[in-house]
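In: compute the structure for the input listed below.
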Amino acid sequence: MSKNPRTASNPKNSPRKIDKGILFAIIISALLLGIFGGYALFNAFSAPAPKEKLEHPKFPPATPPKAQISPSPLAPEPKTEQLIDKNLALLEELASKNLPKEEPHTPPSLSNEPDKLALLTPAPPPKVSEPQTLLAPKKPKAAPLALPLGSKPRLAIIIDDVGFMPQAEEIKKLPFRVTPSIFPKGKFNPKSHEIAKEFDFFMVHLPLEAREFYQKEHEWLRIEDKEEKIEAKIKALKRDFPRLTHLNNHTGSKFTENLPAMRRFLKVLEEENLTFVDSRTTPYSKAPQIFEEEGKLLLSRDVFLDNERSISYIKKQLQEAVKIAKKRGYAIAIGHPHAETFQALRGSSHLKEEVEFVYVKDLFKP
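Out: Numbering: from 1, shown residues only. Predicted coordinates:
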């Protein structure tokens with residue numbers, strides 16, 4: 001069989017032979033490229049992110065809900081608790097400075113009754129510094145006492161609230177005449193009537209109803225008492241004190257301000273031949289009105305000696321009584337059986353050169 005002459009004669013149509021060395025190099029290069037490329041890709045996906053990106057992200061972190069960051073109202077932080085305590089303390093301090101303070105209440109007593117009760121009456125009392133000396137009730141026919149030529153003004157001192165023998169002994173030691181006013185006998189002083197035997201002259205200190213003062217150990221005459229009850233009380237006093245001629249009131253601010261009660265009371269005293277001395281525990285006593293209507297002279301207290309229990313004050317009040325006696329011819333002062341009162345009176349014997357100390361019954365004796 002013969003060869004094709006075109007094929008045999010044309011070299012372009014014959015297959016090209018590749019050098020084996022070049023082919024081997026290409027294969028090796030492809031393998032190496034695949035290995036290194038795969039290794040690079042593996043590192044790219046498995047390696048950690050750069051440190052810079054973890055600490056500083058390009059976007060802000062998500063904000064947690066408010067409920068997760070709000071502090072519990074039941075458990076504030078220590079600084080918040082301290083601030084609250086400080087504010088509360090400050091508010092309490094301000095409140096204590098701004099709120100009005102309640103003033104302490106003082107129970108009424110005999111020593112301060114005239115001043116306190118003047119504030120409780122419907123009509124305002126006159127503005128005076130010492131109501132016990134300047135609020136004297138009107139005294140009908142209380143003209144200056146016509147004293148004998150060369151005689152001294154007269155001063156009668158009464159010691160109220162006498163109920164026990166030691167008090168009587170102190171009165172007897174005083175350097176001038178003093179009138180004891182003795183409590184009626186009662187449960188706390190069943191032998192008070194025996195004190196009267198120690199004195200040439202005495203009075204009875206009769207408890208009358210007060211506005212805000214009460215002592216359960218006494219038997220009181222009250223504004224609602226009928227004339228029969230008042231009469232029975234006075235007759236009993238005369239049995240216990242047979243020489244009784246004068247009496248004055250213990251407290252009695254409510255009773256002496258009541259006109260009907262005072263009319264019944266003074267009517268009984270007149271029937272029993274007893275003289276009333278008004279202690280003036282209120283400036284609104286009705287005794288002056290009744291005595292003026294009847295044209296009689298009323299004996300009433302001019303000065304309280306011991307509203308303050310100090311010797312200097314008592315001596316000052318005693319000088320005030322002397323001053324009144326010199327101006328009018330007589331004066332009446334009332335004190336109480338306090339140690340300070342007795343001491344002040346014992347140290348006032350020099351006043352005998354200025355006034356004559358007399359019993360109440362002798363104030364107008366010729």
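
In: what about the helices in the protein?
Out: Taking DSSP state H, the helices of the chain run over residues 5-9, 20-46, 51-55, 66-69, 78-98, 113-118, 131-134, 165-172, 227-240, 253-256, 259-271, 287-294, 311-328, 339-346.

In: and the strand of greatest length in the chain with helix 165-172, angle?
Out: The strand that spans the most residues within the chain, counting by DSSP state E, is strand 154-162. Orientation of strand 154-162 against helix 165-172 (axes from the mean of the first three to the mean of the last three Cα atoms, to 10 degrees) gives an angle of 170 degrees.

In: and strand 154-162, average pLDDT?
Out: Mean per-residue pLDDT for strand 154-162: 99.

In: neighbouring strands - and their directions - for it?
Out: Applying DSSP bridges, strand 154-162 is found paired with strand 179-182 (parallel), strand 330-335 (parallel), strand 356-357 (parallel).

In: in CSV, list the C-alpha atoms belonging to that strand.
Out: Below are the C-alpha coordinates for strand 154-162, written out as CSV (Å, rounded to 0.1, in the frame of the first residue of the first chain):
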residue,chain,number,x,y,z
ARG,A,154,-51.3,100.4,160.8
LEU,A,155,-50.3,97.2,158.9
ALA,A,156,-52.1,93.9,159.4
ILE,A,157,-50.3,90.8,158.1
ILE,A,158,-52.2,87.6,157.6
ILE,A,159,-50.5,84.2,157.2
ASP,A,160,-52.9,81.9,155.2
ASP,A,161,-52.9,78.1,154.9
VAL,A,162,-52.2,77.4,158.6
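
In: quick check: angle from that strand to helix 339-346?
Out: Using the same axes, to 10 degrees: strand 154-162 against helix 339-346 is 160 degrees.

In: the inter-axis angle of strand 154-162 versus helix 311-328?
Out: Using the same axes, to 10 degrees: strand 154-162 against helix 311-328 is 140 degrees.

In: what about stretch 171-191, how long is it end to end?
Out: End-to-end distance for stretch 171-191, by Cα to Cα, to the nearest Å: 18 Å.

In: okay, buried residues for that stretch please.
Out: Residues 171, 174, 176-185, 189 are the ones in stretch 171-191 that count as buried (16 or more other Cβ atoms under 10 Å). For the C-beta atoms, the positions are set from N, CA and C on the backbone; glycine is no exception.

In: now, the most widely separated pair of the residues you listed?
Out: Phe176 and Lys185 (28.0 Å; Cβ to Cβ).

In: contact partners for Phe164?
Out: By Cβ atoms under 8 Å, 6 or more residues apart in numbering, the contact set of Phe164 is Asn189, Ser192, Ile195.

In: do the same with Phe201
Out: With the criterion set at Cβ under 8 Å, 6+ apart, Phe201 makes contact with Thr179, Tyr359, Val360, Lys361.

In: go on, Ala168?
Out: Contacts of Ala168 by Cβ under 8 Å, 6+ apart are Val162, Pro180, Ile195, Glu198, Phe199.

In: any figure for the gap between the second one and Tyr214?
Out: In other words, Pro180. 24 Å (Cβ to Cβ, to the nearest Å).

In: same question for the first one.
Out: Counting by Cβ to Cβ, the separation of Val162 from Tyr214 is 20 Å.

In: between those two, which one's more packed in?
Out: The neighbour count for Val162 versus Tyr214, taken as other Cβ atoms under 10 Å, is higher for Val162 (27 against 12).

In: who's the more buried one bridged to?
Out: Ile182.

In: picking up where we left off before, okay, the strands paired with strand 154-162 in TSV with distance to Glu308 and mean pLDDT next?
Out: Shown next, in TSV, are the strands paired with strand 154-162 (distance: least, Cβ to Cβ, whole Å; pLDDT from 0 to 100):
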stretch	distance to Glu308	mean pLDDT
strand 179-182	20	99
strand 330-335	12	99
strand 356-357	22	98
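
In: which among the ones you listed is found nearest to Ile26?
Out: Nearest of the strands paired with strand 154-162 (Cβ to Cβ): strand 330-335, 146.0 Å.

In: and that closest one, which residues are buried?
Out: For strand 330-335, by 16+ other Cβ under 10 Å, it's Tyr330, Ala331, Ile332, Ala333, Ile334, Gly335.

In: make sure the last one is actually in contact with Leu345.
Out: Spelled out, that is Gly335. Yes - using Cβ atoms under 8 Å, Gly335 makes contact with Leu345 at a distance of 7.5 Å.

In: overlap in contacts, the two.
Out: Taking Cβ under 8 Å, 6+ apart as the criterion, Gly335 and Leu345 both touch Ile157, Ile314.

In: contacting residues for Val322?
Out: So Val322 contacts Pro153, Leu155, Ala331, Leu351, Glu354, Val355 (Cβ under 8 Å, 6+ apart).

In: I figured Lys235 was touching Leu274, is that so?
Out: No - the criterion here is Cβ under 8 Å, and Lys235 misses it with Leu274 at 10.7 Å.

In: so which of the two has more stuff around it?
Out: Between Lys235 and Leu274, counted using other Cβ under 10 Å, Leu274 has the larger neighbour count: 19 against 11.

In: identify the bridge partners of the closest residue to the more buried one other than its chain neighbours.
Out: Among residues not flanking Leu274 along the chain, Leu247 sits closest, at 6.1 Å (Cβ to Cβ, 6 or more residues apart in numbering). Here Leu247 shows beta-bridge partners Val204, Phe276, assigned using DSSP bridges.

In: perfect, I'm done here.
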